[in-house]
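Student: below: sequence and its predicted model.
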Amino acid sequence: MKFRRKLLSAAAILAIAGAAHAQISGNVVKIGVLNDQSGTYADLAGPGSTLAAKMAIEDSKAILKGLKVEVVSADHQNKPDVGSAIARKWYDSEGVDVIVDVPTSSVALAVNQITKEKGKAFLVSGAATSDLTGKACSPNTIHWTYDTWELANGTGSAIVKTGGKTWFFLTADYAFGHALERDTAAVVVKNGGKVVGSVRHPFPTADFSSFLLQAQASKAQIIGLANAGADTTNAIKQAAEFGIVKAGQNLAGMLVFLTDVHALGLNTAQGLIFTTSWYWDMNDASRAWAKRFAAANGGKYPTMVQAGVYSSVIHYLKAVKAINSDDGTKVIAEMKKLPTDDPLFGKGTVRADGRKLHPAYLVEVKKPSESKGPYDYYKIRATIPADQAFRPMADGGCPLVK
Amino acid sequence: MADDAYKPRASHDPVAEARYERRAFVVMMALFLVAPMVVYPVFVMKALCFALFACAFNLLIGFGGLLSFGHAMFLGAAGYVSAHAAKEWGLPPEIAILAGTAASTVLGVLTGLLAIRRQGIYFAMITLALAQLVFFLAVQAPFTHGEDGIQAVPRGKALGLFDLSSPYVMYYFVLATFTAGFLLIYRIIHSPFGQVLKAIRENEPRAISLGYRTERYKLAAFVLSAGLAGLAGATKAIVFQLASLTDVHWSMSGEVVLMTLVGGLGTIFGPVVGAFAIITMENYLAELGSWFTITQGAIFVVCVLAFRRGIMGELEAWLRRRRIG
Amino acid sequence: MGEIFGVPTQVLFGQLLIGLINGSFYAMLSLGLAVIFGLLNIINFTHGAQYMMGAFAAYFLLNKLGLNYWWSLALAPIAVGATGVVVERLMLSRLYKLDHLYGLLLTFGLALVIQGVFRNEFGSTGLPYPMPSQLAGAKNLGFMFLPNYRAWVIVASLLVCTATWFVIERTKLGAYLRAATENPAMVQAFGVNVPRMITLTYGFGVALAGFAGVMAAPIYQVNPLMGADIIIVVFAVVVIGGMGSIMGAILTGFGLGVVEGLTKVFYPEATNTVIFVIMGIVLLIRPQGLFGSR
């Protein structure tokens, strides 16, 4: 607290001297990209997210009019303790104003807590748990790209409606997996389906064969994969090996990223159906941005998480400019007031509980013969409009909006 | 035991030795007292917790000759218990920390009974495997909240007086805990019990023939080390308001070995120096992702090949040479 | 279809078979550890990383040189074994005079370095490695679908383990090895180049890890961290088996794989812990391990 006061007073002195950016602490807006830079989620977020944040600053030049914006990044190694230690250090002693991205739900929840305590701003793109706009919601946090409820709702209801009535879950045994299973099971039951069983596997797991055997024995039509990253790709690969799809059962990946499809290869992944918030090959603006991104990212195309980082930073800078302040609580409030608009997600809004609203897309992975170029992987089967894509505010139990 | 590098040299001059230790202790305390004015206090608190952890570990290897590769289980288990006690039961911080310490002491008795049945490499592997067992229990037990860990642990008021939410009050609370632990270890090493431990380490069959029930001494050393490691873990959980799987993972067990090795196995101040060195390094390399792991591994290799006495071991040897020469 | 203890036989046999497959990997890895330990008295913590390097070697051979799985099966272990020889010559050989714990610490540090470098280079999502076409597909055994490749894993592992056992226990070369374990000075005096034998033995143990890595590549992703966790399980396997015998390492490996498989059926929550629990029990009753002497 003392430290913050010191920072503020330093800012005040600078303001008197500089006057140009009266409320900007240290005369610079500092964005911290905190994510997994070396582990399971490094490819889907990682350095690519840092790049996206830098691109957002570049593209905001016109409105910034000389306001200095810096980016720092760090690796939280998917560990809540590492993540919260970095967040604390950034806020306390390095003048970071906003933290973005933060995949891995457990780390995001920890950073969410610290951000609230310190009155800064937190823009989540990488983490999934819908608790961030539910019981853990905060006046300092916006959950930008996707969440477990959105995925469950999109994929779950689409599959039940096309006849996948009985489900068996392979669930990663930690909070994110549990949340995904819980949200999906609710959607399945609501749409008239049935959950016949589930098995929790350790995180991470290399060998899914025995869990797959149990799924097979359950005779469920659909095997729902309530996991992410390498766990999902391993499960899909091994399911093919054990002839599970050939025998008539289908897999439903609940959280699948572009990088996962890339790692699996179209041969194995073809036909997989899942929900995504963004895909690079949707319109001219998204394609142009993706090409620019890939050129600077060793040819790897952007995932929805990286696109979300870009979009959230664009909106954040707009809000900072609008109120000429980088005070976390005030900027987040302004971000909720302003309508969002950027080349990737188009026009949208931020809800009072911190949920960013945009459409979701139900996609199917192409056959190898249908793919015409690098990362040409998805066919969009349906668009879920923004007002239906996310959990209604009343159901979340967010204390802010009660 | 073919090599004695990790054993403290027999003291040539006990009076000079004691004088050196007293002076070093005063310097160390003076540094710690002013540290938070200069350095980011959270950082020093973290280093202090690890320093205590490394000292506890060193008690076992440096003075008991037993290399545990599973000490993370005590750090982590105590962290979970104290976080749970503070958050769910609403206990004041000092009681929560005691609860955590007690839990790790009990765990020390259980695992110690198994582990001390073998020595050397087997002992290392057994402790590693037992720690892995504890890790999986921590993943699965409902009260640990798996991957999320126990978050938002309240710091509360120590002894009902000191509000620990202030970083400075918290800092001196941690420093007091560390000092208490450190002095206790110092006392143990210099007690008759510590001397018997040294005798067992040097030559166990002879100690047995002298009538010592060495198993009991080794178990006692193991339990003490476990309890003190737990004290570090419990305090750490209150400082960071978080107990997580990191602290029970085997890489944490490796980290404490590294800290002690870098600082000097079997020296009194080595683990403290080593902990500060490694934590500082981690602080600067965290942003470089897996480079931290690589550097850590490389330091391990270098230490084992060329720097077995560690920082304090080399320093003390130099001081000793100067005194003699 | 029948039931045993309320579990459909289909599931039971399926899990037993899968246990046997996992056991194949445990056996190959603990065998390598046992061979190295036998002569060098070093617990090779780098074993997991070397297993991973085997998988990566297969990946490179395929993608850079166009050599298929079968070539990899022969070449990758040699390549990984060669790195082992370098490690032994440059580093481990300096430690033989010291306490054995230093070997453990050195190989631990080395494992961190290797895994870190691979993670830096290749991320940790894992790289795909295709199933060799000859072994694609699966057989319907009635109670389960057995992928041909997994059947091959069991066969290959049994072959390699038996061959290693035969060489060490039944040939002259093996006799030298065993003699050198007991009394290196004596064997040296008979004109056997013991240091070279030690180097080659380490290389061979490491090559076994590399072989297991190639075997694992088509099943699991080729992942920089694939060896990090399995190695601790293998340590427990080794403690249970006791370090004394080659056969002990092999049998315990397969046996514990099966036990793990059964646990998955009857009490899945304990899958990860069962081996460590068994280790505890064995230590209480027979501290030297099931097949250990002394």
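Tutor: Done, it's in.
Student: which regions of the chain lie under the pLDDT threshold?
Tutor: I went with chain A, as the question did not name one. Within chain A, the stretches with pLDDT under 70 are A:1-22.
Student: correction: the question concerned chain C.
Tutor: Low-confidence regions of chain C, defined by pLDDT under 70, span residues C:1-7, C:124-125, C:143, C:244, C:294.
Student: ok, longest helix in it?
Tutor: Ordering each helix of chain C by length in residues (DSSP state H) puts helix C:9-40 first.
Student: so the helix or strand following it versus helix C:9-40, what angle?
Tutor: The C-terminal neighbour of helix C:9-40 among helices and strands, as given by DSSP states H and E, is helix C:47-65. For helix C:47-65 against helix C:9-40, the angle by axes from the mean of the first three to the mean of the last three CA atoms, to 10 degrees is 100 degrees.
Student: ok, residues contacting the helix or strand following helix C:47-65?
Tutor: Downstream of helix C:47-65, the next assigned helix or strand under DSSP H and E is helix C:69-90. Identification of contacts with helix C:69-90 by CB atoms under 8 Å, 6 or more residues apart in numbering or on different chains yields C:46, C:50, C:53-54, C:57-58, C:61-62, C:67, C:110, C:132, C:198-200, C:202-211, C:213-215, C:217-218. Backbone N, C-alpha and C define where each C-beta goes, glycine included.
Student: show me what from the stretch 51-200 of chain A comes close to chain B.
Tutor: Proximity of the stretch 51-200 of chain A to chain B is confined to A:72-75, A:77, A:79-82, A:84-86, A:88-89, A:92-93, A:104-106, A:109-110, A:113, A:173-176 under the rule CB under 8 Å from any CB of the partner chain.
Student: redo that, cut-off 7 Å
Tutor: Contacts of the stretch 51-200 of chain A with chain B, taken as CB under 7 Å from any CB of the partner chain, map to A:73-75, A:79-82, A:84-86, A:88-89, A:92-93, A:106, A:109-110, A:113, A:173-175.
Student: check the secondary structure at the residue lying closest to B:Leu107 once chain neighbours are set aside for me.
Tutor: Distance criterion CB to CB, 6 or more residues apart in numbering or on different chains; nearest residue to B:Leu107, sequence neighbours excluded, is B:Ala77 at 5.4 Å. On the three-state scheme (DSSP: H, G, I helix; E, B strand; the rest coil), B:Ala77 is labelled helix.
Student: B:Ala77: what's it in contact with?
Tutor: For B:Ala77, the contacting residues are B:103-104, B:107, B:134, B:230, B:248, by CB atoms under 7 Å, 6 or more residues apart in numbering or on different chains.
Student: switch those residues over to JSON lines; also include secondary structure and pLDDT.
Tutor: Formatted as JSON lines, the contacts of B:Ala77 follow (DSSP: H, G, I helix; E, B strand; the rest coil; pLDDT from 0 to 100):
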{"residue": "B:Ala103", "secondary structure": "helix", "pLDDT": "97"}
{"residue": "B:Ser104", "secondary structure": "helix", "pLDDT": "97"}
{"residue": "B:Leu107", "secondary structure": "helix", "pLDDT": "97"}
{"residue": "B:Val134", "secondary structure": "helix", "pLDDT": "94"}
{"residue": "B:Gly230", "secondary structure": "helix", "pLDDT": "97"}
{"residue": "B:Val248", "secondary structure": "helix", "pLDDT": "93"}
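Student: surely A:Phe168 forms part of a strand?
Tutor: Yes. The assignment for A:Phe168 by three-state DSSP puts it in a strand.
Student: burial count for C:Thr83?
Tutor: C:Thr83 has 18 neighbours, counted by other CB atoms under 10 Å in any protein chain shown.
Student: please apply the same query to C:Pro287.
Tutor: C:Pro287 has 17 neighbouring residues, counting by other CB under 10 Å.
Student: ok so, going back, scan the contacts of B:Ala77 and report the most crowded one.
Tutor: Counting neighbours by other CB under 10 Å, B:Gly230 leads the contacts of B:Ala77 with 33 neighbours.
Student: quick check: C:Ala55 vs C:Leu33, distance?
Tutor: 18 Å (CB to CB, to the nearest Å).
Student: the two: who's more crowded?
Tutor: Neighbour count, other CB under 10 Å: between C:Ala55 and C:Leu33, C:Ala55 has more, with 30 against 25.
Student: separation between the more buried one and C:Gly213?
Tutor: For C:Ala55 relative to C:Gly213 (CB to CB), the value is 4 Å.
Student: ok, A:Val107 next?
Tutor: Between A:Val107 and C:Gly213 the computed distance is 31 Å (CB to CB).
Student: cool, B:Glu17 as well?
Tutor: Taking CB to CB, one finds B:Glu17 at 51 Å from C:Gly213.
Student: show me where the stretch 51-200 of chain C has helices.
Tutor: C:69-90, C:100-122, C:148-170, C:172-182, C:184-189, C:194-216 (DSSP state H, counting those that start in this stretch).
Student: centre of the chain to the second one, how far?
Tutor: I take that to be helix C:100-122. 17 Å (CA atoms, centre = their mean, to the nearest Å).
Student: mind listing residues that contact it?
Tutor: With CB under 7 Å, 6+ apart, helix C:100-122 has contacts from A:38, B:67, B:120-121, B:124, B:254, B:257, B:261, B:290, B:293-294, B:296-298, B:300-301, B:304, C:41-46, C:48-49, C:52-53, C:56, C:87, C:91-92, C:95, C:224-225, C:228.
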